[in-house]
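Sequence and predicted structure are below.
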Amino acid sequence: MQLDHDQLRQLLALLAESDIQEFSLKGDDFHLEVRRNLPATAAPVTVLQAAAPAPVAAPLPGAAPSPPPPPAPAARSDLHTITAPMVGTFYRSPSPADPPFVEVGNRISPGQTICILEAMKLMNELEAEVGGEVVEILVENGTPVEFGQALMRIRPA
């Protein structure tokens, strides 16, 4: 089995967006293991052991690097920031006709659904990590978000 850089990137992106905790793949000249234990915002740990170095693709001429995610407003020490656990599209409600899960000023409890992150046509409900009052919603409905991007700020109860 052969695995080029593009296939490896696609595989790792799919794994990052899934709930898979352990993954192993063996080929003729490589062994790939991915293990992660995801607390609130931990990044996945990836280990790649190759028997022979793979060729490195040269950047395309004129290709611009992707822009960094928008910076989050400065965090206040008394607020808990909820961040995106994956890359996806942020939705405040289950459908356009439904009311948002939360509004600024709402009281929430741990485990309560606060938004949806869509990744690869899968709707992933994001639950509150802490209870308290919603102070800020930092992302507009239908906006793409990056891994680790601040979504909301909560004043813990």
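Received, thanks. Just so you know, these numbers come straight off a predicted model, no measurement behind them.

all strands for the chain, in order.
22-26, 30-35, 45-50, 80-83, 88-91, 107-108, 113-119, 122-127, 132-137, 143-145, 150-156 (DSSP state E).

any idea how the protein splits into domains?
Listed domain ranges for the chain are 5-50, 80-156 (source: automatic domain parsing).

follow-up on the earlier one: need the least confident one among the strands of the chain, by mean pLDDT.
When these are compared on mean pLDDT, strand 45-50 scores lowest, with a mean of 48.

ok so, going back, could you dump the strands of the chain to a markdown table with mean neighbour count and distance to residue 4?
Quick note: C-beta positions are derived from backbone N, CA and C, even for glycine. Listed next are the strands of the chain as a markdown table, based on neighbours: other C-beta atoms under 10 Å; distance: least, C-beta to C-beta, whole Å:
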| stretch | mean neighbour count | distance to residue 4 |
| --- | --- | --- |
| strand 22-26 | 12 | 14 |
| strand 30-35 | 16 | 11 |
| strand 45-50 | 11 | 12 |
| strand 80-83 | 20 | 32 |
| strand 88-91 | 20 | 26 |
| strand 107-108 | 17 | 45 |
| strand 113-119 | 19 | 24 |
| strand 122-127 | 15 | 26 |
| strand 132-137 | 18 | 41 |
| strand 143-145 | 16 | 27 |
| strand 150-156 | 19 | 34 |
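
I'd like to know how many residues surround residue 92.
Residues near residue 92, counting by other C-beta atoms under 10 Å, number 19.

quick revisit: can you check which of the strands of the chain gets nearest to residue 12?
With C-beta to C-beta as the criterion, residue 12 lies closest to strand 45-50 of the strands of the chain, at 6.4 Å.

Dead centre of the protein: give me the residue that sits there.
For the chain, the residue nearest the mean C-alpha position is residue 86 (1.0 Å; C-alpha atoms, centre = their mean).

How much space separates that one from residue 4?
24 Å (C-beta to C-beta, to the nearest Å).

quick one, what contacts the nearest residue to residue 140 once chain neighbours are set aside?
Among residues not flanking residue 140 along the chain, residue 90 sits closest, at 7.7 Å (C-beta to C-beta, 6 or more residues apart in numbering). Residue 90 is in contact with 84, 115, 116, 117, 139, 140, 141, 142, 143, 144, 145, 151, counting by C-beta atoms under 8 Å, 6 or more residues apart in numbering.

Please report how far the first one lies from residue 16.
In other words, residue 84. Distance from residue 84 to residue 16, by C-beta to C-beta: 12 Å.
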